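Q: Just a sequence and a predicted model for now, questions to come.
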Amino acid sequence: MQLCDIYLGLGEESFQQLLRSISMGKLKTYQIFDRVKMRAHLAKLNSETLRKSSPRLWARLAEADGDLATDLAQAILVSHLDMIVDVLGFLGVPNEDGFFAKDMDASAYLTEGWQQKAFDHFNTKYAPALLLFYINHLEQELNKEAKLFAPAAQA
């Protein structure tokens, strides 16, 4: 599974929610503002221009623009490091402010059914689109053969 597949699998409405959740301040803090601006082909990057560019960005993701998918994922994830820290802590994955060591095999901490457990635990605290994006992103980072996770229906 590629990052583009995650966006497309979650749907265009979820994608729009993810774009609206990006923090311009966090992009500047993590020095990815200019890269996102360039990759999104925007003369000016702010919340409004990003929101309005959603249809064009969606079309590029549908064409499998992996570089765009990667840069948008970084923008989304750095904007929500608090959620990442919570999820990794819940799963018992050692991390430093949401980041884990490059040589660490985090898959050892992800027991069978971890996606559903994490979703069930956090789906009322965080926006479902954001939580599902992160769960699928984490799985994709650790397992390139992963399938898109969709939560089981609540009884």
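A: Perfect, I can see it now.

Q: Tell me the buried residues in stretch 66-78?
A: Across stretch 66-78, burial judged by 16 or more other CB atoms under 10 Å covers 68-69, 71-78. Using the backbone N, CA and C atoms, a C-beta is placed for each residue, glycine as well.

Q: Sketch out the helices for the protein, chain order is fine.
A: 3-10, 12-20, 24-29, 33-39, 47-52, 54-62, 66-78, 81-91, 114-122, 128-142 (DSSP state H).

Q: average pLDDT for the first one?
A: This means helix 3-10. Mean per-residue pLDDT for helix 3-10: 95.

Q: Which one of the buried residues of stretch 66-78 is nearest to Phe133?
A: Ile76 (6.5 Å; CB to CB).

Q: Name the nearest residue to that closest one, sequence neighbours excluded.
A: Leu18 (5.2 Å; CB to CB, 6 or more residues apart in numbering).

Q: what's the answer for Gln74, then?
A: Ile32 (5.7 Å).

Q: For the one you found, the count of nearby residues, please.
A: Neighbourhood size, Ile32 [other CB atoms under 10 Å]: 16.
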